[in-house]
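Colleague: Sequence first, then the predicted structure:
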Protein chains: 2
Amino acid sequence: MHELLIQNLSKFVPLSSLEAEIIQSLFTFKKYRKKQYILQEGDVTRYETFIVKGVTRTYEVDDKGQEHILQFGLEDWWVGDLYSFLTDTPTTYNIDCLEDTQVLHITKADLEILYEKVPKMERHFRILIQNAFIASTKRLSASLSRSAPERYEEFIKKYPQIEQRVANHQIASYLGITPQTLSRIRSESK
Amino acid sequence: MHELLIQNLSKFVPLSSLEAEIIQSLFTFKKYRKKQYILQEGDVTRYETFIVKGVTRTYEVDDKGQEHILQFGLEDWWVGDLYSFLTDTPTTYNIDCLEDTQVLHITKADLEILYEKVPKMERHFRILIQNAFIASTKRLSASLSRSAPERYEEFIKKYPQIEQRVANHQIASYLGITPQTLSRIRSESK
DNA sequence: TCAAAAAGTTAATCCAGGTTAACGTTTTTT
DNA sequence: AAAAAACGTTAACCTGGATTAACTTTTTGA
């Protein structure tokens, strides 16, 4: 069950079997049911989470009680609130499962041990976060300069896997529009 | 003139004077005049840029010719299009100077040398990018759930230094609103 | 298995922020 | 020092997407 993880972690830097061993020992496997929370607002994020199977959503609730999805998580992706994880402060996000989901967790202390025992992981995570940062910047630029239909079209093109697995109103929340608006866009683009 | 850089690079990891030497040797100093471009759409980003003195803006031009500011750059900040830098692809961003500006550049090859000769820099840049990613996520979440006046207020609170040094219409562009709307917000909040 | 809840759609109305335009002020350029 | 360009503000009007509501379809769970 750790195979996918090892494969993921050796994407940017090759790993020896000893290193793979070490990695295995530092992660904990866990199963969640659909609708179950992996993280709730107010919790301190104790571990970063690698998704082995399933779908998650990371969302925030604003002052008016509206939910806004910041990220979906699928197989082979990492989820978690980095800020809360790194600074030991309570998170403002919620992460729950849209399907039954299997994950591997690593705590902050164990991640430090990982960096120490397998220094090349420092590089792996730098690249990983680099990519996440680039994606986030691109999404920000889209939110500044694209209309709702354009953002929807881009989303569909970029994440066809997600479109198939999550409900439309979740996609609307991710795009920053209402389900009604999404429905209109979908019927007009047909 | 490299003092600010060394100070910046030792923020997360301590540096010996030998290491500081190595770092010095890998960066190039450059001066730009106000309005001069550091990077233009279509260029491949050949170096990451550390600002020693001055102010820059990173912006994008959309299909309708509208400019959208993604980031301001001040003293002690890093700017540049990471994606273009890392993948050797032409950038879609422009970076120009809002004041006369002094910077230190490092090329990709020299950054690799830096990682090799001073491995702890890998950690430094991981943390730097981590912070940039967190900031970008927070800004995205604000763009999804905050109104224009709320976003303006947050901006002023978070970057009082920027507010004092850049024109209002630049701030409007950063916030994703028109200068007229910003003007209205400012007069109503007085 | 069937009632209730959740999801999706359509339509009427509303409003935050955009657009256009006019005008005074400040900055830049020559 | 003058002319031109850039900037900031105000006001009238417009519009993309929100809101509200009513209805149908699908999913869920007791």
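Modeller: All right, it came through fine. Numbers count the residues shown, from 1 in each chain, chains lettered A, B, ... in the order given.
Colleague: Can you tell me how far the most centrally placed residue in chain A is from chain B?
Modeller: When chain A is reduced to its mean C-alpha position, the nearest residue by Cα atoms, centre = their mean turns out to be A:Val79, at 3.4 Å. Here A:Val79 is placed at a distance of 12 Å from chain B (Cβ to the nearest Cβ, to the nearest Å). In this view, the C-beta of every residue, glycine as well, is placed from N, C-alpha and C.
Colleague: Get me the contact residues on chain A for DNA strand D.
Modeller: Within chain A, the positions adjacent to DNA strand D are A:Lys34, A:Lys35, A:Lys64, A:Ser147, A:Ala148, A:Pro149, A:Gly176, A:Ile177, A:Thr178, A:Gln180, A:Thr181 by Cβ under 7 Å from any atom of the strand.
Colleague: Quick one: residues contacting the first one.
Modeller: With contact set as Cβ atoms under 8 Å, 6 or more residues apart in numbering or on different chains, A:Lys34 has these partners: A:Cys97, A:Leu98, A:Glu99, A:Asp100, A:Thr101.
Colleague: just the strands in chain A please.
Modeller: For chain A, strands defined by DSSP state E occupy the ranges A:28-32, A:37-39, A:47-53, A:56-61, A:67-73, A:78-79, A:93-97, A:101-107.
Colleague: what's the nearest residue to the closest residue to DNA strand D within chain A if we skip its chain neighbours?
Modeller: Distance from DNA strand D to each residue of chain A (Cβ to the nearest atom of the strand) is smallest for A:Thr181, at 3.2 Å. With Cβ to Cβ, 6 or more residues apart in numbering or on different chains as the measure, A:Ala148 is the residue that lies nearest to A:Thr181, at 6.0 Å, once sequence neighbours are left out.
Colleague: biggest helix in chain A, by residue count?
Modeller: Longest among the helix segments of chain A by residue count, using DSSP state H, is helix A:120-145.
Colleague: How about that one and DNA strand C, touching?
Modeller: No. Using Cβ under 7 Å from any atom of the strand, we find that helix A:120-145 stays clear of DNA strand C, coming within 9.5 Å at best.
Colleague: What of stretch A:63-71?
Modeller: No. Counting by Cβ under 7 Å from any atom of the strand, DNA strand C is not contacted by stretch A:63-71; separation bottoms out at 10.3 Å.
Colleague: Is that stretch in proximity to chain B?
Modeller: Yes. Stretch A:63-71 comes into contact with chain B (Cβ under 8 Å from any Cβ of the partner chain), by way of A:Asp63, A:Gln66, A:His68, A:Leu70.
Colleague: what's next to that stretch, contact-wise?
Modeller: Stretch A:63-71 is touched from outside by A:57-62, A:79, A:93, A:170, A:173-174, A:176, B:137, B:140-141, B:144-145, with contacts defined as Cβ under 8 Å, 6+ apart.
Colleague: Same check on stretch A:119-138?
Modeller: For stretch A:119-138, contacts defined as Cβ under 8 Å, 6+ apart pick out A:9, A:11-13, A:15, A:23, A:78, A:82, A:114-115, B:70, B:82-83, B:86, B:115, B:119, B:122-123, B:125-126, B:129-130, B:132-133, B:136-137, B:140.
Colleague: Just the buried subset of these, please.
Modeller: Taking 16 or more other Cβ atoms under 10 Å in any protein chain shown as the criterion, what is buried in the contacts of stretch A:119-138 is A:9, A:12, A:15, A:23, A:78, A:82, A:114-115, B:70, B:82-83, B:86, B:115, B:122-123, B:125-126, B:129-130, B:132-133, B:136-137, B:140.
Colleague: can you count the residues close to the residue nearest to A:Thr181?
Modeller: 16 (other Cβ atoms under 10 Å in any protein chain shown).
Colleague: Can you check which of the strands of chain A gets nearest to A:Glu3?
Modeller: Proximity to A:Glu3, assessed across the strands of chain A by Cβ to Cβ, is greatest for strand A:47-53 (9.1 Å).
Colleague: got the buried residues for the closest one?
Modeller: Residues of strand A:47-53 classed as buried: A:Tyr47, A:Glu48, A:Thr49, A:Phe50, A:Ile51, A:Val52 (neighbour count, 16+ other Cβ under 10 Å).
Colleague: Please apply the same query to stretch A:161-181.
Modeller: Judged by neighbour count using 16+ other Cβ under 10 Å, the buried positions of stretch A:161-181 are A:Ile162, A:Val166, A:Gln170, A:Ile171, A:Ala172, A:Ser173, A:Tyr174, A:Leu175, A:Gly176, A:Ile177.
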